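Student: I'll drop the sequence and a predicted model, then ask my questions.
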Amino acid sequence: MIPELGHFSLIIGLAFAFLLASVPLIGSIRKDPYLVRFAWPLTYGMFLFITLSVVSLGYSFSVDDFSVAYVAHHSNSQLPIFFKVAAVWGGHEGSLLFWVFSLSAWAASVALFSKGLEEVFTARVLSVLAMIVVGFTLFMLLTSSPFERIFPIPMEGRDLNPMLQDVGLIFHPPMLYLGYVGFAVSFAFAIAALMSGRLDSAWARWSRPWTLAAWIFLTGGISLGSWWAYYELGWGGWWFWDPVENASFMPWLIGTALVHSLIVTEKRGAFRNWTVLLSIFAFSLSLLGTFIVRSGVLTSVHSFAADPSRGMFILLLLGLAIGGSLTLFALRASDMSSPARFDLKSKETMLLICNVLLTVAAGTVLLGTLYPLLIDALNMGKISVGPPYFNAVFVPIVLVLFGFMGIGPIIRWKKSKAGELKRQLLVPGIIAVIVGIATPFMRDGQFNIWVVLGITAATWVFLSSLRAAKNICTTKEGEFSLSRMGRSQLGMILAHMGIAVSIVGATMVSNYSIEKSVRMGPGISQELAGYTFKYIETKNVVGPNYTAKQGQVEVYQGDEYITLLRPDRRQYNVRTMDMTEAGIDWGLFRDLYITMGDPLSMTQFAVRLNYKPFVRWLWFGSIFMMVGGFLAASDKRYRVKKAAKQDAAKEDLATA
């Protein structure tokens, strides 16, 4: 009964979405405020029934209702309850339902928190979001229903994939989906602006906090995925240039460009058409990522399904979204070009260069991701594009980007004096070069160009951020006051510092990691990076739905005892699948990482030892970025309601 309730709730949610996609738009065309105001109750109704559908699926998992095919394929009575909750989005059908739920939640949030905007404009935004909900809900109901029954009813489920039975996977997919889907709001704001014919500062101000919110979630989702892969997969890696990793990284790059482009449109009224294009591309790349995961056209450790019909349906949605939005852009954009002018030595120029570099970087990732698909489609064989390509093409582009990124926060709007700019940048630049050159010699005494470039870039970005903070907080009289810094400015500083911290982590762990594959058993010791790993014994461990051989490995540095690591090799009862759980000693400046491989005898195992310097800085930097994004999105300027139009008019007048 509950699965049927979920199924029919989804159908009712689809009906609400269809009405929301049409009635308010008709009202805006007829200039009928009565029809326009239907947008709000329809949005809340759509969200309510889709939420009820998700709750119904979650309940089916919690009571082990194996008459539901999706539950039978992704759960088991021995599965801990929190993993049963995570199993709701652990497979193809459930993840699509959560995708639609996330989109309806974003729509409900826009309806709730945008009451100060023009009713017609907000109604158009909600209608565009509803169109996307209609497309994906139809896709789900026609090809991928999570409520389909199975007969005869199995006595037991197949269990959730052991790789997904981890706390990181409870939070990683939801955050990733909220980021993916969040760019639909930016897309909807851009389409609504094209419909209304007003790409002004007010539109950019309305759109920016929603774009920042999506960017925060996507940053968190990517970071959690990287962290999970590092400790769960047993490889000790944090980024593999996997097609699905790339599929989330591309909208992040374009979303980052969009956040900065919206600043220029809001402050100076420039980059209007470019900002709209970025809004379209960010969401289009999110849809492309969905296509890659759901269609199975590319081989990936993340792939859910290999059903061509599903892939074609999503490809059709992708074509409609991109084709329709670009057609509307072509028809309307020429009438809304930017009147703003600026000098070469200006913040506008720096932001434009950074925008272009971010877009080019995303393009290189897109090429490397889709090129194997194109070659296969042309029957020219099968190839794979891996880290060598991305390291050779992507890394140099972002190094140049970091150079301009250090200038952007310091340079002035409209025009800067060359002498003043040189004075402010000279000291940070000299210090950055010195630190960059010194680092490899202090580390191992050998020159390493990639370490020099990476540490120089990180130091440059960090010091320029400090310099920008000093400029913001210093009055014309030379007095220093932190109260002069607004939330948006503080958020920018923290986000840029987060980038610098992550650069340090990526540079150091990529160039100075040490790995050693050894044979270990009771009484055997091994040396690595100045540490001694002493294998004490092997314990048998019984978990809720697995058994494991767990190594007990003591770690010493000289004669000093450091920690006890407990790597284990698990065998899950239902799927009879072996999984490796790493033993990790976390540290601010290094991780000690050990994994157990296949048994080599009754008492000995193949063991991999790893020394990972500064790897934790990768995720510390992400936290800085997320906090910075939150502070920027919560700036009081974005909480202003009726004053928004007045402020925008003043800015447009000043620009003119």
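Tutor: That came through, no problem. Numbering: from 1, shown residues only.

Student: Give the buried residues for stretch 387-402.
Tutor: 389-390, 393-395, 397-399, 401-402 (16 or more other Cβ atoms under 10 Å). (C-beta placed from N, C-alpha, C; glycine too.)

Student: Using the record's assignment, carve this protein into domains.
Tutor: Annotated domains of the chain cover 1-160, 164-410, 411-513+620-627, 514-615 [the TED database].

Student: now the shortest one, how far from the centre of its chain.
Tutor: Once both centres are worked out by Cα atoms, centre = their mean, to the nearest Å, domain 514-615 turns out to sit 31 Å from its chain's centre.

Student: One more: the longest one?
Tutor: Centroid separation for domain 164-410 versus its chain: 9 Å, with Cα atoms, centre = their mean.

Student: okay, how far is it across it, tip to tip?
Tutor: End-to-end distance of domain 164-410 (Cα to Cα, to the nearest Å): 44 Å.

Student: show me where the stretch 551-656 of the chain has helices.
Tutor: In the stretch 551-656 of the chain, the segments counted as helices under DSSP state H, counting those that start in this stretch are 617-633, 643-655.

Student: now the stretch 251-400 of the chain
Tutor: 272-295, 308-332, 347-377, 387-407.

Student: Point out the one among those that comes closest to R570.
Tutor: Comparing those against R570 with Cβ to Cβ, the closest turns out to be helix 272-295 (26.2 Å).

Student: angle of that closest one against helix 308-332?
Tutor: 170 degrees (axes from the mean of the first three to the mean of the last three Cα atoms, to 10 degrees).

Student: how much does helix 272-295 deviate in direction from helix 347-377?
Tutor: 30 degrees.

Student: could I have helix 272-295 exported to CSV, CA atoms only?
Tutor: In CSV, the C-alpha atoms belonging to helix 272-295 read as follows (Å, rounded to 0.1, in the frame of the first residue of the first chain):
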residue,chain,number,x,y,z
ARG,A,272,25.2,40.6,-19.2
ASN,A,273,25.0,38.3,-22.1
TRP,A,274,28.1,36.4,-21.0
THR,A,275,26.5,35.8,-17.6
VAL,A,276,23.3,34.4,-19.2
LEU,A,277,25.4,32.0,-21.3
LEU,A,278,27.3,30.8,-18.2
SER,A,279,23.9,30.2,-16.4
ILE,A,280,22.8,28.1,-19.4
PHE,A,281,26.1,26.2,-19.6
ALA,A,282,26.3,25.5,-15.9
PHE,A,283,22.9,23.8,-15.9
SER,A,284,23.5,22.1,-19.2
LEU,A,285,26.7,20.5,-17.9
SER,A,286,24.8,19.3,-14.9
LEU,A,287,22.3,17.6,-17.3
LEU,A,288,25.3,16.2,-19.2
GLY,A,289,26.6,14.7,-16.0
THR,A,290,23.3,13.1,-15.4
PHE,A,291,23.3,11.7,-18.9
ILE,A,292,26.8,10.3,-18.4
VAL,A,293,25.9,8.5,-15.1
ARG,A,294,22.5,7.2,-16.2
SER,A,295,23.2,6.1,-19.8
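
Student: Does that helix pack against any helices or strands, and if so which?
Tutor: helix 92-113, helix 168-196, helix 201-232, helix 243-268, helix 308-332, helix 347-377 (3 or more Cβ pairs under 8 Å, 6 or more residues apart in numbering; DSSP states H and E).

Student: For these, give me JSON lines that also has mean neighbour count and distance to A17.
Tutor: JSON lines is the format used below for the helices and strands packed on helix 272-295 (neighbours: other Cβ atoms under 10 Å; distance: least, Cβ to Cβ, whole Å):
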{"stretch": "helix 92-113", "mean neighbour count": "23", "distance to A17": "8"}
{"stretch": "helix 168-196", "mean neighbour count": "24", "distance to A17": "13"}
{"stretch": "helix 201-232", "mean neighbour count": "24", "distance to A17": "19"}
{"stretch": "helix 243-268", "mean neighbour count": "24", "distance to A17": "23"}
{"stretch": "helix 308-332", "mean neighbour count": "16", "distance to A17": "14"}
{"stretch": "helix 347-377", "mean neighbour count": "19", "distance to A17": "30"}
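
Student: Same list (these) but as JSON lines, adding distance to P599 and mean pLDDT.
Tutor: Formatted as JSON lines, the helices and strands packed on helix 272-295 follow (distance: least, Cβ to Cβ, whole Å; pLDDT from 0 to 100):
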{"stretch": "helix 92-113", "distance to P599": "35", "mean pLDDT": "94"}
{"stretch": "helix 168-196", "distance to P599": "27", "mean pLDDT": "91"}
{"stretch": "helix 201-232", "distance to P599": "21", "mean pLDDT": "92"}
{"stretch": "helix 243-268", "distance to P599": "32", "mean pLDDT": "92"}
{"stretch": "helix 308-332", "distance to P599": "40", "mean pLDDT": "83"}
{"stretch": "helix 347-377", "distance to P599": "36", "mean pLDDT": "91"}
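
Student: between the ones you listed, which one is nearest to G454?
Tutor: Using Cβ to Cβ, the helices and strands packed on helix 272-295 put helix 347-377 closest to G454, at 15.8 Å.
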